[in-house]
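In: no sequence on hand, only this structure:
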């Protein structure tokens with residue numbers, strides 16, 4: 001088959017490239033996204049010290065905004081106005097930038113099932129889920145062997161857990177083919193669940209497994225983020241500094257909020273496909289963003305006021321993009337829609353998502369390079385004078401003082 005279910009929505013199919021170049025490109029893109037975000041997070045964690053660096057804050061902000069941008073662009077890409085040449089170029093660029101920023105492959109123009117089929121396997125959903133899990137596990141294992149297991153686990157959870165958990169939401173996708181109460185329970189069809197009574201049991205098990213995973217991973221995250229020093233002057237481990245150094249003392253565990261936000265946004269985008277439930281998806285995304293916006297504006301958890309303002313600004317931009325996407329989807333089904341209005345909304349959403357991700361990413365790289373240039377200067381040892389040369393200079397000064405004539409002391413005349 002030439003078409004398989006996309007990574008962004010199980011109700012949308014995308015065409016697979018049968019050429020060798022296309023298959024290699026898809027595989028390299030999937031691997032490159034994981035390597036890029038994991039490598040940047042690892043590099044930032046290695047430079048984690050007691051002194052707070054803006055680059056580490058920017059990286060976490062980039063990943064969280066990239067998650068929102070990828071979700072919104074997935075919805076915008078499913079409109080009929082995203083099919084022309086110019087629109088496809090702009091939105092595809094923004095979609096790839098957002099995916100790289102979030103470290104995942106969640107766009108409707110990508111399909112991991114194509115890679116599964118190219119490997120000669122049956123294109124089943126669980127095989128694509130396993131394929132997307134293998135490489136992150138290899139990256140985490142390599143870092144654990146080379147450096148530190150706790151650091152590897154914490155970075156892996158931060159980068160890959162939201163996308164991993166969201167893949168379970170695909171099994172819970174249901175849609176209505178008939179009116180409520182006719183033949184099937186509530187009139188819903190769940191294509192990824194067993195038919196009959198076993199379907200309800202399987203759905204209950206998936207929901208329970210998803211909730212259990214969230215609880216266990218959050219508990220593990222909190223355990224990794226805490227440290228009880230044995231002495232007063234003992235510094236926390238590097239992985240603890242990495243996730244706590246940017247926040248005030250009473251909000252040291254605030255990075256958990258960002259992890260939960262990314263996880264919920266990913267899960268919502270997979271459980272509520274915009275193809276079937278656009279209003280419900282946009283409303284759920286808006287609720288998550290509004291809750292985070294209120295918390296950041298009220299508590300200001302960062303130690304630097306500028307970082308709080310940047311986070312609030314990104315959340316406002318994400319909320320604006322969600323509103324514009326809701327308007328775009330509403331006009332899509334209205335008979336009185338305007339082609340120019342749809343095109344303008346689509347371009348605004350794409351430029352906001354891609355432009356902000358690109359701008360924050362560029363700022364992160366520039367800050368990282370600046371911090372690396374400042375580090376050697378700060379760590380450069382102070383050159384002390386040689387003892388012999390200092391002694392020789394002192395002896396020469398003493399000889400000059402002895403050669404000078406003595407000045408008689410002045411006395412008071414009675």
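Out: Here it is on my side, so go on. Everything numeric in this text was worked out from a predicted model, so none of it was measured. Numbers count the residues shown, from 1 in each chain.
In: okay, strands next: where are they in this protein?
Out: Taking DSSP state E to define them, one finds strands in the chain at 3-5, 13-15, 175-176, 188-189.
In: who does the second one touch, helix- and strand-wise?
Out: Using 3 or more C-beta pairs under 8 Å, 6 or more residues apart in numbering; DSSP states H and E as the contact criterion, the neighbours of strand 13-15 among helices and strands are strand 3-5. In short, each C-beta sits where N, CA and C put it, glycine included.
In: please compute how far the strand it packs on lies from its chain's middle.
Out: Chain-centre distance of strand 3-5: 26 Å, with C-alpha atoms, centre = their mean, to the nearest Å.
In: report the buried residues of it.
Out: For strand 3-5, the neighbour count (16 or more other C-beta atoms under 10 Å) marks 4-5 as buried.
In: mean confidence for that strand?
Out: If you average the pLDDT over strand 3-5, you get 84.
In: parallel or antiparallel, list what pairs with it.
Out: Taking DSSP bridges as the criterion, strand 3-5 forms sheet pairs with strand 13-15 (antiparallel).
In: which of the residues in the partner strand are buried?
Out: Buried-residue list, strand 13-15, by 16+ other C-beta under 10 Å: 13-14.
In: hang on, the earlier thing: to residue 351, which of the strands of the chain lies closest?
Out: strand 13-15 (23.2 Å; C-beta to C-beta).
In: which residues touch that closest one?
Out: Strand 13-15 is contacted from outside by 2-6, 108-111, 114, using C-beta atoms under 8 Å, 6 or more residues apart in numbering.
In: report pLDDT for the residue positioned nearest the centre of the chain.
Out: For the chain, the residue nearest the mean C-alpha position is residue 63 (2.2 Å; C-alpha atoms, centre = their mean). pLDDT for residue 63: 85.
In: that one against residue 37, yeah?
Out: Yes: counting by C-beta atoms under 8 Å, residue 63 touches residue 37, with 6.7 Å between them.
In: low-confidence regions, the chain specifically.
Out: Residue ranges of the chain with pLDDT under 70: 1, 48-52, 80-109, 179-187, 196-197, 232, 335, 375-414.
In: what ranges do the helices span in it?
Out: Ranges of helices in the chain, per DSSP state H, are 20-46, 54-76, 85-102, 112-118, 125-146, 149-169, 197-225, 238-244, 255-271, 278-299, 305-332, 339-379, 387-403.
In: next, the buried residues of the first one.
Out: Neighbour-count burial for helix 20-46 flags 23, 26-27, 30, 33-34, 37-38, 40-42, 44-45 (criterion: 16+ other C-beta under 10 Å).
In: coming back round to it: which one of the helices of the chain is the most hemmed in?
Out: Scoring the helices of the chain by mean neighbour count under mean count of other C-beta atoms under 10 Å gives helix 54-76 as the most buried, with a mean of 26.
In: how far does that one sit from the chain's center?
Out: 5 Å.
In: could you do stretch 119-130 as well?
Out: Worked out by C-alpha atoms, centre = their mean, stretch 119-130 lies 25 Å from the chain centre.
In: any chance you could list what contacts that stretch?
Out: Taking C-beta under 8 Å, 6+ apart as the rule, stretch 119-130 contacts 1, 4-5, 7, 10, 111-117, 167, 170-171, 192.
In: isn't residue 371 up against residue 55?
Out: Yes: under the criterion of C-beta under 8 Å, residue 371 makes contact with residue 55 at 5.9 Å.
In: which residues are in contact with each of the two?
Out: With C-beta under 8 Å, 6+ apart as the test, residue 371 and residue 55 both reach residue 47.
In: ok, back up a step: I'd like the strands of the chain as CSV, with distance to residue 367 appended.
Out: CSV is the format used below for the strands of the chain (distance: least, C-beta to C-beta, whole Å):
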stretch, distance to residue 367
strand 3-5, 39
strand 13-15, 36
strand 175-176, 45
strand 188-189, 49
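In: out of these, nearest to residue 270?
Out: strand 3-5 (11.4 Å).
In: related to what we said a few turns ago, tabulate the contacts of strand 13-15 (CSV), appending distance to residue 129.
Out: What follows is the contacts of strand 13-15, written out as CSV (distance: C-beta to C-beta, whole Å):
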residue, distance to residue 129
2, 22
3, 19
4, 14
5, 12
6, 14
108, 17
109, 19
110, 14
111, 13
114, 14
